[in-house]
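> Any chance you can model this:
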Amino acid sequence: MKNAALIAILGASLATAASGCGSDTRPGTDECDPACGAGEVCMGGVCQVDGCLPGDREACYTGPVGTEGVGACTPGMRTCTGGGTWGICVGEVTPSMETCGNGIDENCSGQADEDADLDGDGYSTCDGDCCDSTECGQPALVNPGAFEDPTNMVDDDCDQIRDNALISCDAGLLSNSGEPLDYARALDLCQFTDEASLRWGVLSATLSLPDGGAIPPAANSRAIRDGFGTNNAPRLGSSLVVLSTGHAADASDANPPFAAFDFGQNMATTSALPADYMSANAGVLPNAPGCPPPTSTTANDAVMLTLRIRVPSNARSFSLSSSFLSAEYPEYTCTQYNDFFVILLDSTYAATPPNPTDKNLAFYEPPGMVGTRYPVGVNLAAGNTGLFRQCVNGPAGCNGDVTFQHTVCEGTTELAGTGMDRSDFGCSTFGGQMVGGGTGWLVTAGNVVPGEIITLRIAIWDTSDHVLDSVALIDNFKWSVEAADPGTVID
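Purely as a prediction, here's the structure:
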């Protein structure tokens with residue numbers, strides 16, 4: 001009986017030893033107690049997750065799931081390092097852009113030289129789509145019709161360069177250029193296309209009066225500048241667009257030359273207002289809450305830049321920067337004579353957040369005041385909205401029916417050298433005012449449908465008279481892959 005018991009104990013001991021994890025193991029040995037679980041390796045007496053034994057080799061593959069062994073895609077090999085961790089995968093082939101006509105399935109879709117549009121973005125592999133199925137995370141957003149998002153480490157436009165820098169095209173433009181496409185370039189729109197192409201870009205540009213007719217605007221009403229005044233440099237690139245109800249020039253400019261804004265220049269142009277904009281507003285120009293509506297339905301001393309643009313296939317919205325300055329501040333603030341500045345967008349976008357029904361993106365909606373809209377202009381001062389902030393605080397509206405104290409001016413830095421900074425009495429019998437005021441830089445956004453053709457109309461005009469001029473500076477057009485809240489806010 002004793003012999004049988006000893007044999008049983010000895011057998012159990014041998015079985016334990018065979019497992020490699022005896023009860024007397026300690027850190028620093030190659031044995032673990034209890035035994036390591038699945039996916040663990042015993043290293044120095046400690047179970048390690050994803051560990052390995054130095055020198056071990058195994059197959060590896062880092063491409064998208066389902067592509068290993070399909071077409072040209074093959075696994076590689078990785079070797080365990082001396083520290084017990086796996087090295088890099090060497091020799092693997094993962095999906096790449098399909099080369100048409102070579103009989104090889106480079107994108108590992110299961111079909112060689114396919115010309116199908118697998119991601120439904122309008123571009124096949126043979127059209128230059130570098131991500132038609134499995135080569136990236138969001139194939140439908142990557143193709144030659146996309147714009148390059150410089151922040152996402154993806155070759156969005158399939159030009160074989162990731163996050164390439166924006167191309168500049170606005171250097172050396174003539175200040176008095178009559179070529180409408182130069183104004184697109186000054187806005188930093190540097191890609192041009194045609195009706196037959198699917199690539200995004202500017203299709204056409206025109207300079208006209210707000211009715212869109214054949215009569216051109218006064219040549220002095222528009223200009224391309226390398227800045228405006230002392231402190232208004234371009235927001236992007238080398239140039240910005242200047243549109244004015246008088247001369248598009250600051251106090252030191254030429255071609256066209258400066259003309260005082262407070263005297264007002266009669267540019268001898270008159271046209272109907274944009275018909276769709278007026279129809280959406282029941283035939284009455286909108287004004288700031290509490291201010292009388294303009295009585296005129298014609299645009300005086302006007303200029304309008306119209307751009308037709310094919311939207312990039314990955315764009316959901318756009319934005320541009322603007323600054324509005326006017327000699328109507330402070331005397332004619334909140335009157336029916338105020339100059340108008342509009343950015344009208346024609347788009348098929350019908351989702352949320354919605355674009356405005358009257359198409360004008362140049363409006364401000366104060367926080368918590370849904371449906372209360374202030375058109376961009378001098379009457380932003382009427383509600384002390386905080387958007388008309390380059391000015392001198394004090395009485396305003398003294399030449400109209402609504403007088404008030406404007407209290408949210410932040411300074412006059414951006415008026416310096418513009419001509420709006422010249423001394424004037426304004427609404428004060430003691431002087432100390434300036435010829436005009438301004439908003440400072442704002443940013444306006446609107447939503448679009450990827451790949452559609454939009455029309456953008458940017459216009460300024462004088463209402464009811466030909467005096468007291470205003471200026472709009474516009475620059476820095478940008479696309480975004482995200483939808484925006486349409487409207488205008490401080491830049």
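> pLDDT below threshold where in the chain?
Along the chain, segments meeting pLDDT under 70 span 1-30, 38-41, 43-44, 46, 48-50, 134-135, 429-431.
> which residues does the nearest residue to residue 126 once chain neighbours are set aside contact?
Once flanking residues are discounted, residue 126 sits nearest to residue 100: 4.2 Å by CB to CB, 6 or more residues apart in numbering. In this view, the C-beta of every residue, glycine as well, is placed from N, C-alpha and C. For residue 100, the contact set (CB atoms under 8 Å, 6 or more residues apart in numbering) comprises 113, 115, 125-126.
> gap between residue 100 and residue 47?
As for residue 100, its distance to residue 47 is 51 Å (criterion: CB to CB, to the nearest Å).
> Convert the helix or strand harbouring residue 477 to CSV, retaining C-alpha atoms only.
Residue 477 is located in strand 470-480, with elements delineated by DSSP states H and E. What follows is strand 470-480, C-alpha atoms only, in CSV (Å, rounded to 0.1, in the frame of the first residue of the first chain):
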residue,chain,number,x,y,z
SER,A,470,-19.5,102.2,-48.0
VAL,A,471,-16.8,99.6,-48.6
ALA,A,472,-16.7,95.8,-48.4
LEU,A,473,-13.4,93.9,-48.1
ILE,A,474,-13.7,90.1,-49.0
ASP,A,475,-11.0,87.4,-48.8
ASN,A,476,-10.1,83.9,-47.6
PHE,A,477,-12.5,81.6,-49.4
LYS,A,478,-12.3,78.1,-47.8
TRP,A,479,-14.0,74.7,-48.2
SER,A,480,-14.9,72.4,-45.2
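> Beyond it, next helix or strand please.
Taking DSSP H and E, what comes next after strand 470-480 is strand 487-490.
> centre of the chain versus that next one, how much separation?
On the basis of CA atoms, centre = their mean, to the nearest Å, strand 487-490 sits 14 Å off its chain's mean C-alpha point.
> Can you name the residues in contact with that strand?
With CB under 8 Å, 6+ apart, strand 487-490 has contacts from 322, 356, 361-365, 376, 386-387, 440-445.
> list the buried ones in it?
Within strand 487-490, the residues scored as buried using 16 or more other CB atoms under 10 Å are 487-488.
> I'd like to know how far residue 206 sits from residue 338.
Shown here: residue 206 relative to residue 338, a distance of 26 Å by CB to CB.
> more neighbours, those two?
Relative neighbour count places residue 338 above the other of residue 206 and residue 338, with 29 against 15, counting by other CB atoms under 10 Å.
> Could you list everything the residue nearest to residue 241 when sequence neighbours are not counted pairs with in the sheet?
Once flanking residues are discounted, residue 241 sits nearest to residue 474: 4.5 Å by CB to CB, 6+ apart. Going by DSSP bridges, residue 474 is paired in beta bridges with residue 241, residue 322.
> just residue 208 next, same as before
Under the criterion used (DSSP bridges), residue 208 bridges to residue 304.
> and it, how many neighbours does it have?
When neighbours are counted by other CB under 10 Å, residue 208 comes out with 20.
> Cross-check the contact I'm expecting between it and residue 274.
No. At 10.8 Å, residue 208 and residue 274 do not qualify as touching, with contact defined as CB atoms under 8 Å.
> got the residue ranges for the helices in the protein?
Per DSSP state H, the chain carries helices over the ranges 2-18, 180-186, 275-280.
> Residues contacting the last one, please?
Yep, that's helix 275-280 we're talking about. So helix 275-280 is in contact with 211, 284-285, 297, 342, 344, 357-360, going by CB under 8 Å, 6+ apart.
> which stretches of the stretch 301-450 of the chain form strands?
Taking DSSP state E, counting those that start in this stretch, the strands of the stretch 301-450 of the chain run over residues 317-326, 340-346, 363-364, 374-375, 394-396, 404-406, 423-424, 433-434, 437-438, 442-447.
> what does the fifth one contact?
Strand 394-396 is contacted from outside by 329-331, 333-334, 381-382, 403-406, 426-428, 432-433, using CB under 8 Å, 6+ apart.
> List the buried residues of stretch 293-302.
Within stretch 293-302, the residues scored as buried using 16+ other CB under 10 Å are 294, 296, 299-302.
> residues in contact with that stretch?
In contact with stretch 293-302 (CB under 8 Å, 6+ apart) are residues 209-211, 217-218, 221, 245-246, 265-267, 269-273, 278, 283-287, 336-338, 340, 459-466, 469.
> Might one say that residue 202 is in contact with residue 189?
Yes. Assessed by CB under 8 Å, residue 202 is found in contact with residue 189 at 5.3 Å.
> measure stretch 66-80 end to end?
Terminal residues of stretch 66-80 lie 25 Å apart, using CA to CA, to the nearest Å.
> What are the buried residues along that stretch?
The neighbour-count check on stretch 66-80 (16+ other CB under 10 Å) flags 67-68, 70-75, 78-80 as buried.
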